[in-house]
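>>> test case, fold it:
(2 chains)
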Amino acid sequence: EPEVTQTPSHQVTQMGQEVILRCVPISNHLYFYWYRQILGQKVEFLVSFYNNEISEKSEIFDDQFSVERPDGSNFTLKIRSTKLEDSAMYFCASSEFPSVERSPLAIYFGEGSWLTVV
Amino acid sequence: GENVEQHPSTLSVQEGDSAVIKCTYSDSASNYFPWYKQELGKRPQLIIDIRSNVGEKKDQRIAVTLNKTAKHFSLHITETQPEDSAVYFCAASPNQAGTALIFGKGTTLSVSS
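All right, here's what the predicted structure looks like:
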């Protein structure tokens, strides 16, 4: 079964440093997402991306965050100047283009990248 | 914006019993409601979803019901097994691709044998 893959699985970074989290969405999916989950809390939406543009973003996704699809397979989340409160699990996710036969919004998550800012 | 409330926060049942988790949502524009299961340290896994043109959906031991008038939906797990132990999250979103899933705070289900 195709899966969303993410790298790195765990990254420790100094406060103020830049971090890039990488994702390879499921190959026939066209919508890509980043969510985050602070330890013990709920999953929170950051941003969605389609056709090389941001579709929607949350209040969390401020100017320190950016997303990019640098090639035909990768989808990245960049966090500039990390803060202690950015420590969380970051999940990449993807979904298919809507079709009549299948649920248009079934979103599949990767295993996550655990970011620790010290 | 959308707000999803989930109850209970923890649920302990004996193996073989049923478990019910309930969620309410605030935005009447929401009409897609998935449920995710998350084991410790793992990804959220989609276990079942429902759209607002359907009142109930069942997949083996798992069922979801939706009351759009009351803006609540529920997950029902029958004949629970120890491997059902996990955190379960409900979510809601408008039925448009690319829009945010808004999650509830999760229910920790413990099934004891």
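>>> tell me the confidence at B:Ala97?
Looking at B:Ala97, its pLDDT reads 68.
>>> for A:Ser27, that is, sorry about that
For A:Ser27, pLDDT reads 89.
>>> enumerate the residues of chain B near chain A.
Listed as neighbours of chain A in chain B under the rule C-beta under 8 Å from any C-beta of the partner chain: B:32, B:34, B:36, B:42-46, B:49, B:51, B:89, B:91, B:93, B:95-106. Bear in mind the C-beta positions are built from the backbone N, C-alpha and C, glycine included.
>>> can we see that at 10 Å?
B:1, B:4, B:6, B:31-34, B:36, B:38, B:41-46, B:49-51, B:87, B:89, B:91, B:93-106 (C-beta under 10 Å from any C-beta of the partner chain).
>>> tell me which of those fall in strands.
B:4, B:6, B:31-34, B:36, B:38, B:45-46, B:49-51, B:87, B:89, B:91, B:93-94, B:102-103 (DSSP state E).
>>> A:Val12 and A:Ser113 touch, don't they?
No. Using C-beta atoms under 10 Å, A:Val12 makes no contact with A:Ser113, being 11.5 Å away.
>>> hey, what's in contact with both of those two?
A:Val19 (C-beta atoms under 10 Å, 6 or more residues apart in numbering or on different chains).
>>> which one's more surrounded, these two?
A:Ser113 (24 against 12; other C-beta atoms under 10 Å in any protein chain shown).
>>> which residues touch the more buried one?
A:6-11, A:19-23, A:34, A:36, A:77, A:88-92.
>>> give me the subset of those touching chain B.
A:6, A:89, A:91-92.
>>> which members of these are the farthest-apart pair?
A:Met89 and A:Cys92 (10.9 Å; C-beta to C-beta).
>>> out of those two, which sits in the more crowded spot?
Of the pair A:Met89 and A:Cys92, A:Cys92 is the one with more neighbours under other C-beta under 10 Å, namely 28 against 20.
>>> isn't the more buried one right next to A:Leu77, touching?
Yes. Counting by C-beta under 10 Å, A:Leu77 is a contact partner of A:Cys92 at 7.4 Å.
>>> between the two, which contacts overlap?
A:6, A:21-23, A:32, A:34, A:67, A:113.
>>> which of those residues are buried?
Neighbour counting by 16 or more other C-beta atoms under 10 Å in any protein chain shown classes A:6, A:21, A:23, A:32, A:34, A:67, A:113 among these as buried.
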